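1. Sharing a model that was predicted from the sequence below.
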Amino acid sequence: MSAASVQKLCESTRDKLKSAIDVMEQFLNKNALPQLVTGQDEEEVQYYQGFLTDLRHLLVFSEVSYEKLGVALRRAAFNEEFAEKALYNVYHHVVNSFFYPKNESYSEDGRYAYTGQDAIRFRRQPVQDAKQVILDITRNFEEIRDELSYYESDYLTQRRMQSQRNHA
């Protein structure tokens, strides 16, 4: 991939991350466990604890990646290798954190991905604000995943081959 393409991808990814970060921060600043739990059901409390933990982790991973992409873009001489590593980390930490949350409060149902319907399915019906924050950021992460699918495997293969050539 050319340096110009990598730079453009960094800019696009950074913009999408910023948008998702803003939505998550707004939700987390406004909501805590007492605002989400509607009753005394222990299962509901555990569900929202997991939900909030996953969202906080996603926010941190997103912010770290946003900053690394910013560093890559601000350097006087664009360092393609640094930028590609940052994009790889976005794919493997941020995108995977969104689509495979540790506490599994929601998941993606691929059968709905191309129907125009929401592909996100919640393990239990959350309050509207919790549901909406996930639905509001889903498109960002879908687009990032699609744009960075190269970094799922090709990036590591390229690095291994480069390493083997350097050691030969």
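-> Perfect, I can see it now.
2. quick one: Tyr66 and Phe51, what's the gap?
-> With the distance defined as C-beta to C-beta, to the nearest Å, Tyr66 ends up 22 Å from Phe51. For the C-beta atoms, the positions are set from N, CA and C on the backbone; glycine is no exception.
3. neighbour-wise, which of the two wins?
-> Under the neighbour definition other C-beta atoms under 10 Å, Tyr66 and Phe51 were set side by side, and Phe51 has more, 25 against 20.
4. What average pLDDT does stretch 57-66 get?
-> In this model, stretch 57-66 has an average pLDDT of 98.
5. what ranges do the helices span in the chain?
-> Taking DSSP state H as the test, the helices found in the chain are 3-30, 33-36, 42-74, 80-89, 96-99, 128-147, 154-167.
6. just for this protein, where's the confidence low?
-> Low-confidence segments of the chain, defined by pLDDT under 70: 1, 110-117, 152-168.
7. if we go to 80?
-> For the chain, residues meeting the criterion pLDDT under 80 lie at 1, 110-118, 150-168.
8. tell me which residues in stretch 9-28 are buried?
-> Buried residues in stretch 9-28, counting neighbours by 16 or more other C-beta atoms under 10 Å, are found at Leu9, Cys10, Thr13, Arg14, Lys16, Leu17, Lys18, Ala20, Ile21, Val23, Met24, Phe27.
9. Kindly report the same for stretch 135-147.
-> So stretch 135-147, judged by 16+ other C-beta under 10 Å, has buried residues Asp136, Ile137, Thr138, Asn140, Phe141, Glu142, Ile144, Arg145, Glu147.
10. Of these, which is the nearest to Asn89?
-> Within the set of the buried residues of stretch 135-147, Ile144 lies nearest Asn89; the separation is 12.0 Å, counting by C-beta to C-beta.
11. show me what contacts that closest one?
-> For Ile144, the contacting residues are Thr13, Lys16, Leu17, Val90, Tyr91, Val94, Val95, taking C-beta atoms under 8 Å, 6 or more residues apart in numbering as the criterion.
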